[in-house]
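Enquirer: Got a predicted model here, sequence first, then my questions.
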Amino acid sequence: MKTIHVAAGRPYDIRIGGGLLRELPALLTGICGERRPRLALITDDRVNALADGARCPVPDLQAALEAAGYPVCKFVFPNGEASKTLDTVREVYGFLSANSITRTDLILAVGGGVVGDLAGFAAATWLRGVSFVQVPTTLLAMVDSSVGGKTGVDIPEGKNLVGAFWQPSFVACDTDMLSFLPAETFADGMAEVIKYGAILDESLFSLLEAGAPGDRLREIIARCVDLKRQVVEEDERDRGLRQILNFGHTFGHAIEKESAFSITHGQGVAIGMALMARACERAGLTPAGTADRIARCCALHGLPTRTGYPLEALCAHAMGDKKRAGDRITLVTLERLGKAALHPVDAAELLDFMKGGAGR
(Lines give C-alpha, C1' and ligand atoms only; values in the text may rest on other atoms or scores of the structure.)
Protein backbone atom coordinates (compact mmCIF):
# COMPACT_ATOMS: atom_id res chain seq x y z
CA MET A 1 0.00 0.00 0.00
CA LYS A 2 1.35 3.42 -0.98
CA THR A 3 0.10 6.86 0.03
CA ILE A 4 1.12 10.00 -1.87
CA HIS A 5 0.20 13.40 -0.47
CA VAL A 6 -0.64 16.18 -2.93
CA ALA A 7 -0.15 19.71 -1.60
CA ALA A 8 -2.12 21.55 -4.29
CA GLY A 9 -5.34 23.50 -3.78
CA ARG A 10 -6.98 21.62 -0.94
CA PRO A 11 -4.30 19.05 -0.01
CA TYR A 12 -5.33 15.41 -0.32
CA ASP A 13 -3.99 11.87 -0.32
CA ILE A 14 -3.78 9.34 -3.13
CA ARG A 15 -3.85 5.73 -1.92
CA ILE A 16 -2.51 3.02 -4.25
CA GLY A 17 -2.90 -0.69 -3.58
CA GLY A 18 -5.05 -3.79 -3.85
CA GLY A 19 -8.41 -4.18 -2.12
CA LEU A 20 -9.10 -0.47 -1.66
CA LEU A 21 -12.69 -0.75 -2.89
CA ARG A 22 -13.40 -3.10 -0.01
CA GLU A 23 -11.87 -0.55 2.34
CA LEU A 24 -13.64 2.46 0.82
CA PRO A 25 -16.26 2.90 3.59
CA ALA A 26 -13.47 3.03 6.18
CA LEU A 27 -11.35 5.30 3.99
CA LEU A 28 -14.23 7.74 3.63
CA THR A 29 -14.44 7.92 7.41
CA GLY A 30 -10.95 9.38 7.30
CA ILE A 31 -12.38 12.25 5.26
CA CYS A 32 -15.82 12.63 6.82
CA GLY A 33 -15.15 11.66 10.41
CA GLU A 34 -18.28 10.55 12.24
CA ARG A 35 -20.46 12.46 9.82
CA ARG A 36 -22.29 10.41 7.20
CA PRO A 37 -22.96 12.71 4.22
CA ARG A 38 -25.12 11.66 1.31
CA LEU A 39 -22.97 10.11 -1.42
CA ALA A 40 -23.79 10.75 -5.08
CA LEU A 41 -22.12 7.81 -6.80
CA ILE A 42 -21.47 8.55 -10.49
CA THR A 43 -20.29 5.78 -12.80
CA ASP A 44 -20.78 4.36 -16.29
CA ASP A 45 -22.72 1.31 -17.43
CA ARG A 46 -19.58 -0.78 -18.01
CA VAL A 47 -18.23 -0.29 -14.49
CA ASN A 48 -21.73 -0.65 -13.05
CA ALA A 49 -22.16 -4.01 -14.78
CA LEU A 50 -18.76 -5.12 -13.49
CA ALA A 51 -19.72 -4.13 -9.96
CA ASP A 52 -22.75 -6.41 -10.25
CA GLY A 53 -20.55 -9.36 -11.21
CA ALA A 54 -19.54 -12.08 -8.77
CA ARG A 55 -15.78 -11.66 -9.40
CA CYS A 56 -15.63 -7.92 -8.74
CA PRO A 57 -13.55 -6.89 -5.68
CA VAL A 58 -16.73 -5.32 -4.29
CA PRO A 59 -19.84 -6.99 -5.79
CA ASP A 60 -22.07 -4.12 -4.65
CA LEU A 61 -20.25 -0.95 -3.65
CA GLN A 62 -23.51 0.91 -3.03
CA ALA A 63 -24.67 -1.76 -0.57
CA ALA A 64 -21.29 -1.74 1.22
CA LEU A 65 -21.42 2.03 1.63
CA GLU A 66 -25.02 1.97 2.83
CA ALA A 67 -24.15 -0.77 5.32
CA ALA A 68 -21.53 1.62 6.73
CA GLY A 69 -24.22 4.25 7.26
CA TYR A 70 -23.83 6.38 4.12
CA PRO A 71 -27.02 7.27 2.23
CA VAL A 72 -26.19 6.59 -1.46
CA CYS A 73 -27.84 7.59 -4.72
CA LYS A 74 -26.39 6.43 -8.04
CA PHE A 75 -26.21 7.91 -11.54
CA VAL A 76 -25.15 5.64 -14.41
CA PHE A 77 -24.42 6.90 -17.93
CA PRO A 78 -23.28 5.15 -21.16
CA ASN A 79 -19.54 4.49 -21.21
CA GLY A 80 -17.23 6.18 -23.69
CA GLU A 81 -16.04 9.59 -24.83
CA ALA A 82 -19.36 10.26 -26.59
CA SER A 83 -20.97 10.72 -23.17
CA LYS A 84 -18.47 13.32 -21.99
CA THR A 85 -20.68 16.24 -22.93
CA LEU A 86 -22.62 19.13 -21.46
CA ASP A 87 -25.81 17.19 -22.16
CA THR A 88 -24.68 14.43 -19.78
CA VAL A 89 -23.59 17.03 -17.21
CA ARG A 90 -27.06 18.57 -17.37
CA GLU A 91 -28.51 15.13 -16.62
CA VAL A 92 -26.15 14.86 -13.66
CA TYR A 93 -27.32 18.26 -12.39
CA GLY A 94 -30.91 17.01 -12.54
CA PHE A 95 -29.90 13.89 -10.61
CA LEU A 96 -28.09 15.95 -7.96
CA SER A 97 -31.08 18.25 -7.60
CA ALA A 98 -33.58 15.39 -7.38
CA ASN A 99 -31.51 13.81 -4.61
CA SER A 100 -31.00 17.08 -2.72
CA ILE A 101 -27.19 16.98 -2.91
CA THR A 102 -25.79 19.94 -0.98
CA ARG A 103 -22.34 21.35 -0.25
CA THR A 104 -22.14 19.14 2.83
CA ASP A 105 -22.47 16.01 0.69
CA LEU A 106 -19.95 14.15 -1.45
CA ILE A 107 -19.75 13.12 -5.10
CA LEU A 108 -18.07 9.76 -5.66
CA ALA A 109 -16.61 9.19 -9.16
CA VAL A 110 -16.08 5.47 -9.81
CA GLY A 111 -14.70 4.63 -13.25
CA GLY A 112 -12.19 5.59 -15.89
CA GLY A 113 -11.09 8.97 -17.16
CA VAL A 114 -14.43 9.94 -18.69
CA VAL A 115 -16.26 9.28 -15.41
CA GLY A 116 -13.67 11.18 -13.38
CA ASP A 117 -13.54 14.18 -15.72
CA LEU A 118 -17.31 14.48 -16.01
CA ALA A 119 -18.15 13.84 -12.34
CA GLY A 120 -15.35 16.18 -11.29
CA PHE A 121 -16.70 18.94 -13.52
CA ALA A 122 -20.18 18.42 -12.10
CA ALA A 123 -18.70 18.61 -8.58
CA ALA A 124 -16.81 21.82 -9.43
CA THR A 125 -19.91 23.54 -10.79
CA TRP A 126 -22.83 22.17 -8.76
CA LEU A 127 -23.63 24.79 -6.08
CA ARG A 128 -20.29 26.38 -7.09
CA GLY A 129 -18.37 23.48 -5.62
CA VAL A 130 -19.08 20.17 -3.89
CA SER A 131 -16.36 17.88 -2.54
CA PHE A 132 -15.66 14.74 -4.54
CA VAL A 133 -13.63 11.57 -4.34
CA GLN A 134 -11.96 9.86 -7.29
CA VAL A 135 -12.02 6.06 -7.47
CA PRO A 136 -10.25 5.37 -10.80
CA THR A 137 -10.76 1.88 -12.23
CA THR A 138 -8.46 2.04 -15.29
CA LEU A 139 -4.69 2.37 -15.55
CA LEU A 140 -5.02 5.62 -17.50
CA ALA A 141 -7.21 7.17 -14.83
CA MET A 142 -4.96 5.99 -12.00
CA VAL A 143 -1.73 7.42 -13.40
CA ASP A 144 -3.12 10.54 -15.01
CA SER A 145 -6.68 11.86 -15.13
CA SER A 146 -7.59 11.28 -11.46
CA VAL A 147 -4.53 13.24 -10.28
CA GLY A 148 -4.19 17.01 -10.33
CA GLY A 149 -7.72 18.42 -10.37
CA LYS A 150 -8.35 18.88 -14.08
CA THR A 151 -12.01 18.25 -14.86
CA GLY A 152 -14.01 18.89 -18.00
CA VAL A 153 -16.10 17.84 -20.95
CA ASP A 154 -15.88 17.90 -24.73
CA ILE A 155 -17.81 20.17 -27.07
CA PRO A 156 -18.06 19.89 -30.88
CA GLU A 157 -15.22 22.38 -31.25
CA GLY A 158 -12.74 20.24 -29.33
CA LYS A 159 -11.84 17.96 -26.45
CA ASN A 160 -11.76 19.24 -22.85
CA LEU A 161 -12.41 22.82 -23.93
CA VAL A 162 -14.94 23.30 -21.10
CA GLY A 163 -13.76 22.49 -17.61
CA ALA A 164 -12.50 23.62 -14.24
CA PHE A 165 -9.63 23.02 -11.85
CA TRP A 166 -11.18 21.24 -8.88
CA GLN A 167 -9.00 19.04 -6.70
CA PRO A 168 -10.54 15.88 -5.24
CA SER A 169 -10.72 15.28 -1.50
CA PHE A 170 -9.20 11.81 -1.86
CA VAL A 171 -8.15 9.34 -4.57
CA ALA A 172 -8.31 5.56 -4.11
CA CYS A 173 -6.53 3.52 -6.79
CA ASP A 174 -7.55 -0.11 -6.32
CA THR A 175 -5.05 -1.96 -8.47
CA ASP A 176 -7.12 -5.15 -8.22
CA MET A 177 -9.52 -3.53 -10.72
CA LEU A 178 -6.84 -3.60 -13.42
CA SER A 179 -7.24 -7.36 -13.83
CA PHE A 180 -10.70 -6.72 -15.32
CA LEU A 181 -9.46 -4.38 -18.07
CA PRO A 182 -9.54 -5.43 -21.74
CA ALA A 183 -6.05 -5.46 -23.27
CA GLU A 184 -6.78 -2.37 -25.38
CA THR A 185 -7.91 -0.39 -22.32
CA PHE A 186 -4.79 -1.41 -20.37
CA ALA A 187 -2.65 -0.35 -23.35
CA ASP A 188 -4.34 3.06 -23.29
CA GLY A 189 -2.99 3.56 -19.79
CA MET A 190 0.46 2.43 -20.82
CA ALA A 191 0.57 5.33 -23.29
CA GLU A 192 0.40 7.74 -20.36
CA VAL A 193 2.98 5.71 -18.42
CA ILE A 194 5.35 5.88 -21.40
CA LYS A 195 4.71 9.62 -21.57
CA TYR A 196 5.91 10.10 -17.98
CA GLY A 197 9.12 8.26 -18.75
CA ALA A 198 9.67 10.24 -21.94
CA ILE A 199 9.22 13.66 -20.33
CA LEU A 200 10.43 13.22 -16.76
CA ASP A 201 12.21 9.93 -15.99
CA GLU A 202 14.51 8.16 -18.43
CA SER A 203 15.02 5.28 -15.98
CA LEU A 204 11.27 4.65 -16.03
CA PHE A 205 11.31 4.77 -19.82
CA SER A 206 14.17 2.25 -19.92
CA LEU A 207 12.21 -0.05 -17.62
CA LEU A 208 9.23 0.12 -20.00
CA GLU A 209 11.52 -0.66 -22.95
CA ALA A 210 12.29 -3.97 -21.25
CA GLY A 211 8.70 -5.22 -21.53
CA ALA A 212 5.44 -5.60 -19.62
CA PRO A 213 5.27 -4.11 -16.10
CA GLY A 214 4.58 -7.50 -14.52
CA ASP A 215 4.83 -7.53 -10.74
CA ARG A 216 6.27 -3.98 -10.76
CA LEU A 217 2.97 -2.46 -11.89
CA ARG A 218 2.04 -0.93 -8.52
CA GLU A 219 5.53 0.55 -8.24
CA ILE A 220 5.22 2.03 -11.73
CA ILE A 221 1.78 3.49 -10.97
CA ALA A 222 3.11 5.08 -7.80
CA ARG A 223 6.09 6.53 -9.68
CA CYS A 224 3.84 8.09 -12.33
CA VAL A 225 1.52 9.54 -9.70
CA ASP A 226 4.45 11.00 -7.77
CA LEU A 227 5.92 12.54 -10.93
CA LYS A 228 2.59 14.21 -11.68
CA ARG A 229 2.29 15.28 -8.06
CA GLN A 230 5.59 17.14 -8.28
CA VAL A 231 4.51 18.96 -11.44
CA VAL A 232 1.04 19.84 -10.14
CA GLU A 233 2.38 21.21 -6.87
CA GLU A 234 4.65 23.56 -8.81
CA ASP A 235 2.06 24.61 -11.41
CA GLU A 236 -1.49 23.71 -10.39
CA ARG A 237 -3.17 25.99 -12.95
CA ASP A 238 -1.27 24.81 -16.02
CA ARG A 239 0.48 28.11 -16.75
CA GLY A 240 3.98 26.74 -17.25
CA LEU A 241 5.66 23.50 -16.20
CA ARG A 242 2.42 21.48 -16.09
CA GLN A 243 2.06 21.91 -19.84
CA ILE A 244 4.82 19.32 -20.36
CA LEU A 245 2.26 16.69 -19.31
CA ASN A 246 0.61 17.34 -22.67
CA PHE A 247 3.40 15.62 -24.60
CA GLY A 248 1.68 13.74 -27.41
CA HIS A 249 -1.71 15.16 -26.46
CA THR A 250 -2.13 18.11 -28.83
CA PHE A 251 -2.01 15.86 -31.88
CA GLY A 252 -3.38 12.91 -29.93
CA HIS A 253 -6.58 14.86 -29.29
CA ALA A 254 -6.62 15.95 -32.94
CA ILE A 255 -6.40 12.31 -34.04
CA GLU A 256 -9.19 11.33 -31.66
CA LYS A 257 -11.43 14.05 -33.05
CA GLU A 258 -10.61 13.31 -36.70
CA SER A 259 -11.45 9.64 -36.08
CA ALA A 260 -14.76 10.56 -34.41
CA PHE A 261 -13.23 8.92 -31.31
CA SER A 262 -12.88 5.51 -32.94
CA ILE A 263 -9.21 5.91 -31.99
CA THR A 264 -8.87 5.81 -28.22
CA HIS A 265 -7.15 8.41 -26.09
CA GLY A 266 -4.12 6.24 -25.40
CA GLN A 267 -3.75 5.29 -29.05
CA GLY A 268 -3.96 8.96 -30.03
CA VAL A 269 -1.36 9.95 -27.45
CA ALA A 270 1.02 7.20 -28.61
CA ILE A 271 0.75 8.35 -32.22
CA GLY A 272 1.05 11.97 -31.09
CA MET A 273 4.25 11.26 -29.13
CA ALA A 274 5.87 9.49 -32.07
CA LEU A 275 4.73 12.19 -34.51
CA MET A 276 6.10 14.98 -32.31
CA ALA A 277 9.39 13.21 -31.65
CA ARG A 278 9.97 12.69 -35.39
CA ALA A 279 9.18 16.35 -36.11
CA CYS A 280 11.51 17.48 -33.32
CA GLU A 281 14.34 15.32 -34.60
CA ARG A 282 13.99 16.90 -38.04
CA ALA A 283 14.01 20.37 -36.44
CA GLY A 284 17.17 19.55 -34.47
CA LEU A 285 15.41 19.86 -31.11
CA THR A 286 15.65 16.19 -30.14
CA PRO A 287 18.57 13.76 -30.48
CA ALA A 288 18.45 11.36 -33.41
CA GLY A 289 17.02 7.95 -32.52
CA THR A 290 14.64 9.26 -29.86
CA ALA A 291 11.56 8.83 -32.04
CA ASP A 292 12.52 5.26 -32.89
CA ARG A 293 12.87 4.40 -29.21
CA ILE A 294 9.45 5.88 -28.46
CA ALA A 295 7.87 4.05 -31.38
CA ARG A 296 9.42 0.72 -30.36
CA CYS A 297 8.34 1.16 -26.75
CA CYS A 298 4.77 2.02 -27.75
CA ALA A 299 4.59 -0.96 -30.11
CA LEU A 300 5.92 -3.25 -27.37
CA HIS A 301 2.96 -2.22 -25.24
CA GLY A 302 0.34 -2.68 -27.94
CA LEU A 303 0.08 0.90 -29.15
CA PRO A 304 0.12 2.36 -32.68
CA THR A 305 2.55 5.09 -33.72
CA ARG A 306 1.26 6.17 -37.15
CA THR A 307 -1.94 7.51 -38.64
CA GLY A 308 -3.25 7.87 -42.15
CA TYR A 309 -5.20 11.04 -41.38
CA PRO A 310 -4.11 14.13 -43.36
CA LEU A 311 -1.66 16.26 -41.46
CA GLU A 312 -3.48 19.38 -42.65
CA ALA A 313 -6.66 18.24 -40.88
CA LEU A 314 -4.76 17.37 -37.71
CA CYS A 315 -3.06 20.77 -37.65
CA ALA A 316 -6.44 22.47 -38.08
CA HIS A 317 -7.78 20.57 -35.07
CA ALA A 318 -4.61 21.33 -33.11
CA MET A 319 -5.05 25.06 -33.59
CA GLY A 320 -8.38 24.76 -31.77
CA ASP A 321 -6.59 23.21 -28.78
CA LYS A 322 -6.67 24.93 -25.40
CA LYS A 323 -2.88 25.27 -25.50
CA ARG A 324 -3.16 27.89 -28.23
CA ALA A 325 -2.48 31.51 -27.28
CA GLY A 326 -3.31 34.04 -29.97
CA ASP A 327 -1.59 33.01 -33.20
CA ARG A 328 0.81 30.64 -31.45
CA ILE A 329 0.53 27.17 -30.01
CA THR A 330 2.83 25.68 -27.40
CA LEU A 331 4.16 22.27 -28.37
CA VAL A 332 5.81 19.89 -25.93
CA THR A 333 9.14 18.70 -27.26
CA LEU A 334 11.93 16.52 -25.88
CA GLU A 335 15.43 17.84 -25.24
CA ARG A 336 16.18 14.17 -24.65
CA LEU A 337 14.36 11.21 -23.17
CA GLY A 338 13.50 12.16 -19.60
CA LYS A 339 13.56 15.92 -20.18
CA ALA A 340 10.76 17.85 -21.90
CA ALA A 341 10.63 21.44 -23.07
CA LEU A 342 7.97 23.90 -24.24
CA HIS A 343 8.31 25.14 -27.81
CA PRO A 344 5.94 27.88 -29.07
CA VAL A 345 5.22 27.73 -32.81
CA ASP A 346 3.40 30.28 -34.97
CA ALA A 347 0.16 29.01 -36.47
CA ALA A 348 1.45 29.71 -39.97
CA GLU A 349 4.49 27.49 -39.33
CA LEU A 350 2.80 24.55 -37.59
CA LEU A 351 2.15 22.46 -40.70
CA ASP A 352 5.72 22.81 -41.96
CA PHE A 353 7.08 21.97 -38.51
CA MET A 354 4.98 18.83 -38.22
CA LYS A 355 5.72 17.54 -41.72
CA GLY A 356 8.97 16.25 -40.35
CA GLY A 357 6.99 13.91 -38.14
CA ALA A 358 4.68 12.62 -40.84
CA GLY A 359 7.35 11.80 -43.35
CA ARG A 360 9.02 8.84 -41.62
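Expert: Now that the structure is in, tell me what you want to look at. Numbers count the residues shown, from 1 in each chain.

Enquirer: switch to C-alpha atoms for all contacts and neighbour counts from now on
Expert: Noted.

Enquirer: tell me which residues in the strand or helix carrying residue 232 are buried?
Expert: Per DSSP states H and E, residue 232 falls inside helix 217-234. Using 16 or more other Cα atoms under 10 Å as the test for burial, helix 217-234 gives 218, 220-233.

Enquirer: I'd like to know which of those residues is nearest to residue 19.
Expert: residue 218 (12.7 Å; Cα to Cα).

Enquirer: can you pull the contacts of that closest one?
Expert: 16-17, 175 (Cα atoms under 8 Å, 6 or more residues apart in numbering).

Enquirer: I'd like those laid out as a markdown table, including secondary structure, neighbour count and pLDDT.
Expert: A markdown table is the format used below for the contacts of residue 218 (DSSP: H, G, I helix; E, B strand; the rest coil; neighbours: other Cα atoms under 10 Å; pLDDT from 0 to 100):
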| residue | secondary structure | neighbour count | pLDDT |
| --- | --- | --- | --- |
| 16 | strand | 22 | 98 |
| 17 | strand | 18 | 96 |
| 175 | helix | 21 | 96 |
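
Enquirer: of these, closest to residue 147?
Expert: Distances from residue 147 to the contacts of residue 218, taken by Cα to Cα, are shortest for residue 16, at 12.0 Å.

Enquirer: Report whether the expected contact of the closest one with residue 2 is present.
Expert: Yes. Applying Cα atoms under 8 Å, one finds residue 16 in contact with residue 2, separated by 5.1 Å.

Enquirer: Can you pull the residues that touch both of those two?
Expert: residue 222.

Enquirer: Can you give me the neighbour number for the closest residue to residue 113 other than its chain neighbours?
Expert: Spatially, and ignoring its direct neighbours in sequence, residue 113 is nearest to residue 141 (4.9 Å; Cα to Cα, 6 or more residues apart in numbering). Residues lying near residue 141 (other Cα atoms under 10 Å) number 24.

Enquirer: For residue 141, give me its contacts.
Expert: 112-113, 116, 189.

Enquirer: Who wins on neighbours among those?
Expert: residue 116 (31 neighbours).

Enquirer: check contacts around that one.
Expert: By Cα under 8 Å, 6+ apart, residue 116 lies in contact with 109-110, 134-136, 141, 145-146, 151.

Enquirer: taking those residues one by one, which sit in strands?
Expert: Mapping the contacts of residue 116 onto strands (DSSP state E) picks out 109-110, 134-136, 151.

Enquirer: I'd like those as JSON lines, with neighbour count appended.
Expert: Output for those, formatted as JSON lines (neighbours: other Cα atoms under 10 Å):
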{"residue": "109", "neighbour count": "30"}
{"residue": "110", "neighbour count": "24"}
{"residue": "134", "neighbour count": "30"}
{"residue": "135", "neighbour count": "27"}
{"residue": "136", "neighbour count": "28"}
{"residue": "151", "neighbour count": "26"}
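
Enquirer: got those as a markdown table, with distance to residue 303 and pLDDT columns?
Expert: Below are the ones in strands among the contacts of residue 116 laid out as a markdown table (distance: Cα to Cα, whole Å; pLDDT from 0 to 100):
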| residue | distance to residue 303 | pLDDT |
| --- | --- | --- |
| 109 | 27 | 98 |
| 110 | 26 | 96 |
| 134 | 27 | 97 |
| 135 | 25 | 97 |
| 136 | 22 | 97 |
| 151 | 26 | 97 |
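
Enquirer: Tabulate the residues you listed (JSON lines), appending distance to residue 182.
Expert: Below are those laid out as JSON lines (distance: Cα to Cα, whole Å):
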{"residue": "109", "distance to residue 182": "21"}
{"residue": "110", "distance to residue 182": "17"}
{"residue": "134", "distance to residue 182": "21"}
{"residue": "135", "distance to residue 182": "18"}
{"residue": "136", "distance to residue 182": "15"}
{"residue": "151", "distance to residue 182": "25"}
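
Enquirer: now, among the residues you listed, which is nearest to residue 205?
Expert: For the ones in strands among the contacts of residue 116, the nearest to residue 205 is residue 136 (23.4 Å; Cα to Cα).

Enquirer: got the residue ranges for the helices in the stretch 251-360 of the chain?
Expert: Under the criterion DSSP state H, counting those that start in this stretch, the stretch 251-360 of the chain contains helices at 265-282, 290-300, 311-318, 347-358.

Enquirer: May I ask which helix or strand of the protein has the lowest mean pLDDT?
Expert: Scoring the helices and strands of the chain by mean pLDDT, DSSP states H and E places strand 324-325 at the bottom, with a mean of 74.

Enquirer: Residue 296 and residue 248: what is the separation?
Expert: Noted for residue 296: a distance of 15 Å to residue 248, by Cα to Cα, to the nearest Å.

Enquirer: Ignore what I typed, I meant residue 274.
Expert: Distance of residue 274 to residue 248, computed by Cα to Cα: 8 Å.

Enquirer: try residue 83
Expert: In this view, residue 83 and residue 248 are 23 Å apart by Cα to Cα.

Enquirer: which residues of this protein score low on pLDDT?
Expert: 51-59, 322-323, 357-360 (pLDDT under 70).

Enquirer: any idea which residue sits dead centre in it?
Expert: residue 145 (2.5 Å; Cα atoms, centre = their mean).

Enquirer: excluding its backbone neighbours, what's nearest it?
Expert: Residue 145 sits nearest to residue 113 (Cα to Cα, 6+ apart), 5.6 Å away.
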